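[1] any chance you could fold what I've pasted below:
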Amino acid sequence: MAKGAFRIPGLNEWLFVIGLACYWPTFRNSFFGLVFQEGNEGFGRLDVEYLLFLGLVALWCGACLVRPRLVDGILGARRFAVCGLCVLASVGMSLIYCADAFGLPWSVSCAGVVLSSVGFVVLTFAWSNEAARARSRNLFFNIALSFLLSFVLSLTSLLPGPFSLVLPFFSWTVSGLAYAAYRAPRVDGRAAPASAAHACGNLAARIGSARVALSGLVVLLIAFLVIGAFVRGFLYLGTIAYSPEQTTLSRRVVSFALAFLVVVIAYRADSGKPPLFWLWTLVSLVFFSGLFLIAAAYPLVPDLAGGVAITGRTFVSFFLWVALVLTVRERGRHLLVPVVGTLFIMVECASGFCSYFLAPEIARAIDLPISVYLPFFALLIAFILISSTIVFLALLANRKLSEPADAPRLTREQACAALGEEQGLTAREVEVMERFSQGNSLRKVAETMFISTSTAQSHVKSVYRKLGIHSKQELIDLVSDRMGGRV
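    The predicted structure is shown next:
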């Protein structure tokens, strides 16, 4: 794509940006910490409630992994169904806060935890699905812009009194409303059969790399994320309660500067420059800088050292989501639930447990001043991560040397055959899928295959069911995405 192809986001794309911007603060202490105010009192009531939240999120996610049609059914229904669940999730956050503030029964708080956990899981799958299927030329710029905007929204925690609760009380509702109003850009398959479908489906290949690169990168990011969770747990000893004083000016400046750089890199990506490893390099450098600051100067500048490391971990979480969306775009949206559910939601739950429960207990068991053991721990994990990164780059370089530079892309016929083999389609269904994904009408497909229209419609319904999709446009997108792969 030429650089001039970049354009200012339109109204519909701003809905995407705003919706994601209201979703990202969920992973920061300024979100849950304002609701779980008493988390610094050990395993008190609100600590247990946060543990219950993590457990329920993992439970709902596990149910979706066992029955992925649950997610298909919710996302395939009217968008206001997702919006309604998001509103209930915001109500749940309010119930959690009010139960403690006004001494309400614990059952009220538990009901809030249930509502908020369901809404969080649905919202995660909803926006991940929209990012994986979006055809906007500015897609990754919009994602990065939403992340930058989320830091602006996080500043509402500095507001006085009850106004500081705006984000945890209303952000999921706003995100759900944006999701309900957002309409994913469509691709006209009839006007652009093979060449244009190749251009659109090839987006993941242009901004990403080979499948092995994405897989290896995801493993590294998960390692960064979990280790960063332990670092945070050691630094703050599991304190979930939040006060504006905890977030120093240096930490806010680092966050905004890094988010701005991510937006710049994403702009270059949507102008034709490969961003994946630039983003990875930027995020990993910040994370390593925090680790080395902890190792070398933690007693002197504890706020700066800890702030840089935790900021790096926040961006690792964001980048992991981007890498997983790339994976789903490249390999097919039928992998949305297992990829995002297992490698993002479950990993975030594990990270939260490590930060607020496991790491503090380890720190208490060590029974040494934090300035004694934390620098050594930071150096150790930095060595492990650097070694892992070197091994990954070596494997990737070896893989690239063994790949022919001019490996051809998949044709439509090959892409449909691959999808058919993966999902158990019959030969006739594959043939119908190939013709229908070109934008042909059911009548046209029936005529070219010398079958009745009702038979063609029956085959299409079977294809939809086996692929887990619900519309012709989704079929066009899925085949186009697969055509972006290599033979």
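
[2] where does pLDDT dip in the stretch 51-200 of the chain?
    Applying pLDDT under 70 to the stretch 51-200 of the chain picks out residues 77, 135-137, 184-200.

[3] how about a cut-off of 50?
    186-200 (pLDDT under 50).

[4] just the helices in it please.
    All helices of the stretch 51-200 of the chain, identified by DSSP state H, counting those that start in this stretch, fall at 69-76, 79-101, 106-133, 139-154, 166-181, 195-201.

[5] turn those helices into CSV, including distance to L467 and mean neighbour count.
    Backbone N, C-alpha and C define where each C-beta goes, glycine included. Converted to CSV, the helices of the stretch 51-200 of the chain look like this (distance: least, Cβ to Cβ, whole Å; neighbours: other Cβ atoms under 10 Å):
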stretch, distance to L467, mean neighbour count
helix 69-76, 10, 17
helix 79-101, 21, 20
helix 106-133, 13, 22
helix 139-154, 22, 22
helix 166-181, 23, 22
helix 195-201, 15, 18
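
[6] distance to R331 for the ones you listed - can I get that in CSV?
    Shown next, in CSV, are the helices of the stretch 51-200 of the chain (distance: least, Cβ to Cβ, whole Å):
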stretch, distance to R331
helix 69-76, 17
helix 79-101, 24
helix 106-133, 10
helix 139-154, 17
helix 166-181, 24
helix 195-201, 12
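
[7] out of these, flag the one nearest F224.
    Distance to F224, taken as Cβ to Cβ, is lowest for helix 139-154 among those, at 16.8 Å.

[8] angle of the closest one against helix 106-133?
    Per axes from the mean of the first three to the mean of the last three Cα atoms, to 10 degrees, the angle that helix 139-154 makes with helix 106-133 is 150 degrees.

[9] for helix 139-154, name the packing helices and strands.
    helix 11-21, helix 166-181, helix 249-270, helix 302-331 (3 or more Cβ pairs under 8 Å, 6 or more residues apart in numbering; DSSP states H and E).

[10] for C416, find the nearest of these.
    helix 302-331 (15.1 Å).

[11] quick one: closest of the helices of the stretch 51-200 of the chain to S454.
    helix 69-76 (23.1 Å).

[12] other residues contacting that closest one?
    Contact partners of helix 69-76, identified using Cβ atoms under 8 Å, 6 or more residues apart in numbering, comprise 63-64, 81-82, 85, 122, 125-126, 129, 336-337, 468, 470.

[13] which ones are touching the spatially closest residue to A266 that is not a sequence neighbour?
    Once flanking residues are discounted, A266 sits nearest to A144: 3.6 Å by Cβ to Cβ, 6 or more residues apart in numbering. Shown in contact with A144 (Cβ under 8 Å, 6+ apart): 259, 262-263, 265-267.

[14] one more: S462?
    425, 429.

[15] for it, phi and psi?
    Dihedral angles of S462 (phi, psi; degrees, to the nearest 10) stand at phi -70, psi -40.

[16] gap between it and Q423?
    10 Å (Cβ to Cβ, to the nearest Å).

[17] before we move on, back to that, quick one: the helices and strands packed on helix 139-154 as a markdown table, columns for distance to C110 too.
    Output for the helices and strands packed on helix 139-154, formatted as a markdown table (distance: least, Cβ to Cβ, whole Å):
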| stretch | distance to C110 |
| --- | --- |
| helix 11-21 | 28 |
| helix 166-181 | 17 |
| helix 249-270 | 33 |
| helix 302-331 | 27 |
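
[18] of the ones you listed, which is nearest N138?
    Nearest to N138, of the helices and strands packed on helix 139-154 and by Cβ to Cβ, is helix 249-270 at 5.2 Å.

[19] how about the CA coordinates for the closest one, as PDB?
    This file holds the C-alpha atoms of helix 249-270, laid out as PDB (Å, rounded to 0.1, in the frame of the first residue of the first chain):
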ATOM      1  CA  LEU A 249       4.400  11.600  36.900                       C
ATOM      2  CA  SER A 250       7.400   9.700  35.400                       C
ATOM      3  CA  ARG A 251       5.200   6.700  34.800                       C
ATOM      4  CA  ARG A 252       2.500   8.700  33.100                       C
ATOM      5  CA  VAL A 253       5.100  10.400  30.900                       C
ATOM      6  CA  VAL A 254       6.600   7.100  29.900                       C
ATOM      7  CA  SER A 255       3.200   5.600  29.100                       C
ATOM      8  CA  PHE A 256       2.100   8.500  26.900                       C
ATOM      9  CA  ALA A 257       5.400   8.700  25.100                       C
ATOM     10  CA  LEU A 258       5.500   5.000  24.400                       C
ATOM     11  CA  ALA A 259       1.800   5.000  23.300                       C
ATOM     12  CA  PHE A 260       2.600   7.900  20.900                       C
ATOM     13  CA  LEU A 261       5.500   6.000  19.400                       C
ATOM     14  CA  VAL A 262       3.200   3.000  18.900                       C
ATOM     15  CA  VAL A 263       0.800   5.200  17.000                       C
ATOM     16  CA  VAL A 264       3.600   6.500  14.800                       C
ATOM     17  CA  ILE A 265       4.800   2.900  14.100                       C
ATOM     18  CA  ALA A 266       1.300   1.800  13.400                       C
ATOM     19  CA  TYR A 267       0.900   4.800  10.900                       C
ATOM     20  CA  ARG A 268       4.000   3.600   9.100                       C
ATOM     21  CA  ALA A 269       2.600   0.100   9.100                       C
ATOM     22  CA  ASP A 270      -0.700   1.200   7.400                       C
END
